[in-house]
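J.: Quick one, fold the following:
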Amino acid sequence: MRQPFIALAIAAILSLSTQAHAGPQWASATPERQGVSVEGLAALDAAVRAGTYQKITSVLIARHGQLVHETYFDEGGAEARRNTRSATKTVTAMLVGAAIAEGDIPSAQAPVLPFIAAYGPFDNPDPRKAAITVEDLLTMSSLLECDDENQFSRGNEERMYLIENWVNFAFSLPIRGFPAWIPKPADQPYGRAFSYCTAGSTTLGAVVQSATGESLPDFARRALFDPLGIEKPEWQISPTGLAQGGGGLGLRSRDLLALGQILLNRGEWQGRQVLPEAWAEAMTRPHARAGDHGDYGYLIWLPTYTVAGKAHSAWAMAGTGGNKVVIVPDMDAVVVVTTENYGVRNPHGLADALIADHALAALTAD
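T.: Got it, this is the predicted structure:
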């Protein structure tokens, strides 16, 4: 009579083990096998624990599609859903691509207004608003007067949160002016005038929702999260019930690593084409110049990291506090850094130093 009990106990243990590793299924590999320095990874963890980079909560590294490093520095561990702030914007760009692939949005050149008419009427009517396209919002270059980096901007993100209807807030903004000291879009690289605008990304979430006829969380689950094994995402919801496409999405660190890997793989995840290859390529091409921050794709940054004197072009999902998912194509690597460095001086600089001086430095051997 003991054998059935033992079998049940073993089954229960296996079940718990599976639950502990729920989510995106990563094949693991020893660092040495993937050309990664064990000593370098140990130095990374030691530097984080010493407080060199303030409050880092996790660092994960995948190389050649395999997980080679995963360390958690907080009590939440692997199952914690971490608020990665504006890294959400890149997820929204992926969902736009999925909606285009399904034929719900004609293309990135589709005008935005027809999809958000239900959120109107809008203040400051102007015929130029009718010309604002999905791509304009994807590249932070619409003509709406919206600048999160300028506290005086009418479209500053903090002002949006004071309003109930966030989409109405966005398209009620006046058209941006270009005084003599600010080049007009036609005179800027790529023919666009970049201005970081969370309200625009929020509006894109509403566009996807309107176009697909599904709530943004439901569409995200069906089109992107389920294929990757991403479970129980924690969305922030506006006062009118719209999921926030501009920030605040809570995901596990392994979820973030999978989102980076799907871009590195040009939309493919473990043999399945989840996003169109052409869309993944379009997302990671430069479409606007983000001032001193370099080039910008479709809601994704395009930085360069210097390691041992060599420049490496990268793509980066990024959020307040220095939360980052960095994809480095020429190293075939994805690095996730999650933090709680809110209110810390230069949090992005801290995260970038950790990535360049430790994570990528450990990957230079191959």
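
J.: and residue 62, how many neighbours does it have?
T.: A count of neighbours around residue 62, defined by other Cβ atoms under 10 Å, yields 27. Every C-beta, even on glycine, is put in place using the N, C-alpha and C of the backbone.

J.: Got the domain ranges for the protein?
T.: Recorded structural domains for the chain (assignment: automatic domain parsing) are 27-80+252-366, 86-251.

J.: Same list (these) but as TSV, adding mean pLDDT.
T.: Shown next, in TSV, are the domains of the chain (pLDDT from 0 to 100):
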stretch	mean pLDDT
domain 27-80+252-366	96
domain 86-251	98
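
J.: Would you check that my belief about residue 354 contacting residue 56 is correct?
T.: Yes: here residue 354 lies in contact with residue 56, judged by Cβ atoms under 8 Å, at a distance of 6.9 Å.

J.: Between the two, tell me which one has more neighbours.
T.: In this view residue 354 and residue 56 are compared by other Cβ under 10 Å, and residue 56 has more residues nearby, 27 against 24.

J.: What sits closest to that one if chain neighbours are left out?
T.: In space, residue 56 comes closest to residue 48 once its chain neighbours are excluded; the distance is 4.7 Å by Cβ to Cβ, 6 or more residues apart in numbering.

J.: Heading C-terminal from the strand or helix carrying that neighbour, find the next helix or strand.
T.: Counting by DSSP states H and E, the element that carries residue 48 is helix 38-49. Elements were assigned by DSSP H and E; along the chain past helix 38-49, the next helix or strand is strand 56-63.

J.: Which neighbouring elements make contact with that following strand?
T.: Using 3 or more Cβ pairs under 8 Å, 6 or more residues apart in numbering; DSSP states H and E as the contact criterion, the elements in contact with strand 56-63 are helix 38-49, strand 66-72, helix 253-264, strand 333-339, helix 347-354.

J.: Hmm, residue 172 is touching residue 126, no?
T.: No: counting by Cβ under 8 Å, residue 172 stays clear of residue 126, with 10.7 Å between them.

J.: higher neighbour count, these two?
T.: Counting neighbours by other Cβ under 10 Å for residue 172 and for residue 126 shows that residue 172 has the greater number, 21 against 14.

J.: now residue 89, what's its secondary structure?
T.: With DSSP: H, G, I helix; E, B strand; the rest coil as the basis, the three-state label of residue 89 is helix.

J.: looking at it, it is touching residue 298, isn't it?
T.: No: Residue 89 is not in contact with residue 298 according to Cβ under 8 Å; the separation is 9.4 Å.

J.: which ones are touching residue 73?
T.: Residues touching residue 73, when contacts are defined by Cβ atoms under 8 Å, 6 or more residues apart in numbering, comprise 48, 49, 56, 57, 58, 59.

J.: tally of neighbours for the fourth one?
T.: Same thing as residue 57. For residue 57, the count of nearby residues is 22 (other Cβ under 10 Å).

J.: who's in contact with it?
T.: With Cβ under 8 Å, 6+ apart as the criterion, the residues that contact residue 57 are 72, 73, 74, 76, 80, 82, 338, 339, 340.

J.: now with 7 Å?
T.: For residue 57, the residues meeting the contact criterion (Cβ atoms under 7 Å, 6 or more residues apart in numbering) are 72, 73, 74, 76, 82, 338, 339, 340.

J.: Ok, residue 53 next?
T.: For residue 53, the set of contacting residues under the criterion of Cβ under 7 Å, 6+ apart consists of 47, 350, 354.

J.: Residue 225: which of those is nearest?
T.: Ranked by distance to residue 225 (Cβ to Cβ), these are led by residue 354 at 27.5 Å.

J.: Residue 349 versus the nearest residue to that closest one once chain neighbours are set aside, what's the distance?
T.: Counting by Cβ to Cβ, 6+ apart, residue 354 lies nearest to residue 53, which is 4.8 Å off, once chain neighbours are set aside. Distance of residue 53 to residue 349, computed by Cβ to Cβ, to the nearest Å: 10 Å.

J.: how far does stretch 298-311 sit from the chain's center?
T.: Once both centres are worked out by Cα atoms, centre = their mean, to the nearest Å, stretch 298-311 turns out to sit 16 Å from its chain's centre.

J.: What's the end-to-end length of that stretch?
T.: Length of stretch 298-311, first residue to last, Cα to Cα, to the nearest Å: 22 Å.

J.: and if you look at stretch 223-238?
T.: Between the opening and closing residues of stretch 223-238 lies a distance of 22 Å (Cα to Cα).

J.: hmm, who's touching that stretch?
T.: With contacts defined as Cβ under 7 Å, 6+ apart, stretch 223-238 is touched by 22-25, 81, 94-95, 98, 166, 217, 243-244, 248-251, 255, 258, 262, 269, 272, 274.

J.: Pull out the buried members of those residues.
T.: Neighbour-count burial within the contacts of stretch 223-238 applies to 23-24, 81, 94-95, 98, 166, 217, 243-244, 248-251, 255, 258, 262, 269, 274; the criterion is 16 or more other Cβ atoms under 10 Å.

J.: Out of those residues, list just those in helices.
T.: Secondary structure assignment by DSSP state H places 94, 95, 98, 166, 217, 255, 258, 262 of the buried ones among the contacts of stretch 223-238 in helices.
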